[in-house]
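Asks: Sharing a model that was predicted from the sequence below.
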Amino acid sequence: MSAEFILALDQGTTSTRAIVFDHAGRARATAQQEFPQHFPRAGWVEHDPRDLWETTRRVALAAVAEANLTAADLAAVGLTNQRETTLLWDRRTGEPVAPAIVWQDRRTADFCARLAARGLGPLFRKRTGLVLDPYFSGTKLRWLLDHVPGARRRANRGELAFGTVDTWLLWQLTGGRVHATEVSNASRTLLLNLRTGAWDDELLGLLRIPREVLPEVRATSEVLGEISALPALRGVPVAGMAGDQQAALFGQACFRPGMAKNTYGTGCFLLQHTGTQPIASRHQLLTTIAWKLGPQAPLEYALEGSVFIGGAVVQWLRDGLGLIARSSDIESLAARAVDNGGVYVVPAFAGLGAPHWDPAARGAILGLTRGTTAAHLARAAIESIAYQSADLLGAMQADSGRKLRELRVDGGATVNDALLQFQSDLLRVPVIRPQVTETTALGAAYLAGLAVGFWRDRSQLAQRWARQRTFTPQAPRGAMARLQVDWRRAVERAKAWA
Ligand SMILES: Nc1ncnc2c1ncn2[C@@H]1O[C@H](COP(=O)(O)OP(=O)(O)O)[C@@H](O)[C@H]1O
Ligand SMILES: O=P(O)(O)OC[C@H](O)CO
């Protein structure tokens, strides 16, 4: 019997998921596991690299067992991951030399400011499409080389390997045989030339990164290696790899220039496909590589707006404030307030991403009165997710010169109907939730499946995309515009605080 399934592994910021997909793109089995977040100092966020691998290993085996499959049933594995998170390990032993520095970590803010003060912002922007913000991997890697005792010396001698999470997991899955990344992840490092898709020597020099630590840069959809570390999956090719936001863009079948998706997970990530030429943003968005569908295929690009805290604001109400017991309780609590009561929550817990790029911004609650209730706070928190995304859309339309006709959405927070209705009210375009909201994993499966001929081409995949519900603008335009004015005032007050 031929292999009838693809296994997608989705290593996210707060949890790791494995989903077995069949040829129709239906999920046959799912396994998920959370892992600890470490906040050793203010503004620092770390993961234990072993947790990232161990949860991946476990969910992969659990999903395959649940679907009652063996390696022979799997045509390929697709891997997708939280992006920018930075790891450094010993090539010989595979031991990490330090905890992984997570994308939300702000420890390199001063270093970024010094680079900017030297007038290097425009160069990095032109070459990489990114801004000098601690979000990206390059300054995190530089920090590890400078602060882990002996790391720079060992790196120069070729003893250490750098990787984003894709690279770390591919290394583990292949038993340390393959040290490679692919273009969508690599385009988030501040080290990759956006046009050539290769590491840029001048940028490496500016950040003092030795070439010896870098992985090879491969295509998003091609056979990268075979699994050897998991006996139950031995020999299955890893045939697709992508950053989770690019994978979601692919899973949403946003294949034509102008098509966009917004993912509402820990953060919110709005991406619009822009074709085979990078578009430079004039509005503080990022230009990023979407994917490269095969070693000889052209690079395809996207514009991106990244919001650092999206659904995580709900987790904070739950775990930080204890206002709700479960994330889903936010819906009934928020529904108790007819409006936000003038309250605005600016969840700048990790600074502000696009279009503000202010690592010193901090969270703020404005407009409190004696009449403010927990319901207002819940509502304001939900609304903050939508305001932040709306702030990006105008910028994106101006940059791409294309008016958005609809927005496809996915991610854990899109179960919240009120959020999506409010989002459509703000954006004035239809917001569409597809039947499969696990589009990140689906995208990784598609990328792997295309490489091994499991699926034919993109048009076949585009036909599979199906809507579950469409939210259209209901609230009056004027009222929404007034809310946005106050939101923007609130954002200004949260800036430059730390
Ligand atoms: N009903 C809800 N309303 C709003 N947000 C929610 C709801 N349920 C879960 N969330 C949020 O969704 C996020 C989880 O989404 P997920 O896509 O799994 O995130 P990630 O991949 O970033 O770990 C969490 O931040 C959680 O607080
Ligand atoms: O793991 P997620 O879904 O929160 O996504 C994280 C992003 O890739 C960070 O850029």
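Replies: Great, that's in hand. Ligands and ions are numbered 1, 2, ... in the order given.
Asks: can you give me phi and psi for T167?
Replies: phi -70, psi -40 (degrees, to the nearest 10).
Asks: for the one 3 residues further on, same thing?
Replies: For L170, the backbone dihedrals (degrees, to the nearest 10) come out as phi -60, psi -40.
Asks: How about the residues of the stretch 1-150 of the chain by ligand 2?
Replies: 12-13, 82-84, 103 (C-beta under 6 Å from any ligand atom). The C-beta positions use only the backbone N, C-alpha and C, and glycine is treated the same way.
Asks: same check, this time on the stretch 201-350 of the chain
Replies: 243-245, 265-267.
Asks: In helices only, show me those.
Replies: 244-245 (DSSP state H).
Asks: The residues of the stretch 201-350 of the chain next to ligand 2 also near ligand 1: which ones?
Replies: Okay, of those touching ligand 1 (C-beta under 6 Å from any ligand atom), that's 265-266.
Asks: Going by distance to P231, which of the residues of the stretch 201-350 of the chain next to ligand 2 wins?
Replies: Distance to P231, by C-beta to C-beta, is smallest for D244 among those, at 27.5 Å.
Asks: Is the closest one in contact with L79, as I believe?
Replies: No - counting by C-beta atoms under 8 Å, L79 is not a contact partner of D244; they are 10.1 Å apart.
Asks: What's the per-residue pLDDT of the closest residue to ligand 1 within the stretch 351-498 of the chain here?
Replies: For the stretch 351-498 of the chain, the residue closest to ligand 1 is G412, as judged by C-beta to the nearest ligand atom, at 2.0 Å. On the pLDDT scale, G412 is placed at 91.
Asks: how about the strands in the stretch 151-300 of the chain?
Replies: Under the criterion DSSP state E, counting those that start in this stretch, strands of the stretch 151-300 of the chain are mapped to 160-163, 180-182, 192-193, 198-199, 216-218, 221-226, 237-243, 260-264, 268-275, 286-292, 299-307.
Asks: I'd like these laid out as TSV, including mean pLDDT.
Replies: Shown next, in TSV, are the strands of the stretch 151-300 of the chain (pLDDT from 0 to 100):
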stretch	mean pLDDT
strand 160-163	98
strand 180-182	98
strand 192-193	98
strand 198-199	98
strand 216-218	98
strand 221-226	98
strand 237-243	98
strand 260-264	95
strand 268-275	94
strand 286-292	97
strand 299-307	95
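Asks: Indicate whether the helix or strand containing A18 makes contact with ligand 1.
Replies: Using DSSP states H and E, A18 sits within strand 15-21. Yes - using C-beta under 6 Å from any ligand atom, strand 15-21 comes into contact with ligand 1 via S15.
Asks: helices or strands next to that strand in the packing?
Replies: Other helices and strands packing on strand 15-21, by 3 or more C-beta pairs under 8 Å, 6 or more residues apart in numbering; DSSP states H and E, are strand 5-11, strand 27-34, helix 49-66, helix 439-451.
Asks: Show me which of those has the highest average neighbour count.
Replies: Comparing those by mean neighbour count (mean count of other C-beta atoms under 10 Å), helix 439-451 ranks first with a mean of 30.
Asks: Using PDB, write out every CA atom in that helix.
Replies: The C-alpha trace of helix 439-451 is given here as PDB (Å, rounded to 0.1, in the frame of the first residue of the first chain):
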ATOM      1  CA  THR A 439      -3.600  26.300   8.700                       C
ATOM      2  CA  THR A 440       0.000  26.500  10.000                       C
ATOM      3  CA  ALA A 441       0.300  22.700  10.200                       C
ATOM      4  CA  LEU A 442      -1.700  22.300   7.000                       C
ATOM      5  CA  GLY A 443       0.700  24.600   5.200                       C
ATOM      6  CA  ALA A 444       3.700  22.600   6.400                       C
ATOM      7  CA  ALA A 445       2.000  19.400   5.200                       C
ATOM      8  CA  TYR A 446       1.300  21.000   1.800                       C
ATOM      9  CA  LEU A 447       4.900  22.100   1.400                       C
ATOM     10  CA  ALA A 448       6.200  18.600   2.200                       C
ATOM     11  CA  GLY A 449       3.600  16.900   0.100                       C
ATOM     12  CA  LEU A 450       4.300  19.000  -3.000                       C
ATOM     13  CA  ALA A 451       8.000  18.100  -2.700                       C
END
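Asks: Next, the angle from it to strand 15-21.
Replies: Our comparison of helix 439-451 with strand 15-21, counting by axes from the mean of the first three to the mean of the last three C-alpha atoms, to 10 degrees, yields an angle of 50 degrees.
Asks: same for helix 439-451, what does it pack against?
Replies: strand 5-11, strand 15-21, strand 74-81, strand 221-226, strand 237-243, helix 244-251, strand 260-264, helix 458-464.
Asks: when you scan it, is anything in it near ligand 2?
Replies: No - using C-beta under 6 Å from any ligand atom, helix 439-451 stays clear of ligand 2, coming no nearer than 6.8 Å.
Asks: is any part of that helix close to ligand 1?
Replies: No - residues of helix 439-451 contacting ligand 1 under C-beta under 6 Å from any ligand atom: none, with a closest distance of 7.1 Å.
Asks: cool, stretch 319-333 as well?
Replies: Yes - against ligand 1, stretch 319-333 shows contacts by C-beta under 6 Å from any ligand atom at 327-328, 330-331.
Asks: And the residues you listed, which is closest to ligand 2?
Replies: Nearest member of the residues of stretch 319-333 next to ligand 1 to ligand 2, counting by C-beta to the nearest ligand atom, is S327, at 14.3 Å.
Asks: Quick check: which element contains the residue lying closest to that closest one once chain neighbours are set aside?
Replies: Distances taken as C-beta to C-beta, 6 or more residues apart in numbering place V314 nearest to S327, at 5.1 Å, with adjacent residues excluded. If you go by DSSP H and E, V314 is part of helix 312-315.
Asks: And the helices in the stretch 51-200 of the chain, which stretches?
Replies: 109-117, 121-128, 137-147, 151-156, 165-173, 183-186 (DSSP state H, counting those that start in this stretch).
Asks: would CSV of these with mean pLDDT be doable?
Replies: Shown next, in CSV, are those (pLDDT from 0 to 100):
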stretch, mean pLDDT
helix 109-117, 95
helix 121-128, 96
helix 137-147, 98
helix 151-156, 97
helix 165-173, 98
helix 183-186, 98
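Asks: rewinding a little: the residues of the stretch 1-150 of the chain next to ligand 2: which two are farthest apart?
Replies: G12 and E84 (12.8 Å).
Asks: near ligand 1, which residues of the stretch 151-300 of the chain?
Replies: Residues of the stretch 151-300 of the chain lying near ligand 1 (C-beta under 6 Å from any ligand atom): 265-266.
Asks: Looking from ligand 1, tell me which residue of the stretch 151-300 of the chain is nearest.
Replies: G265 (2.8 Å).
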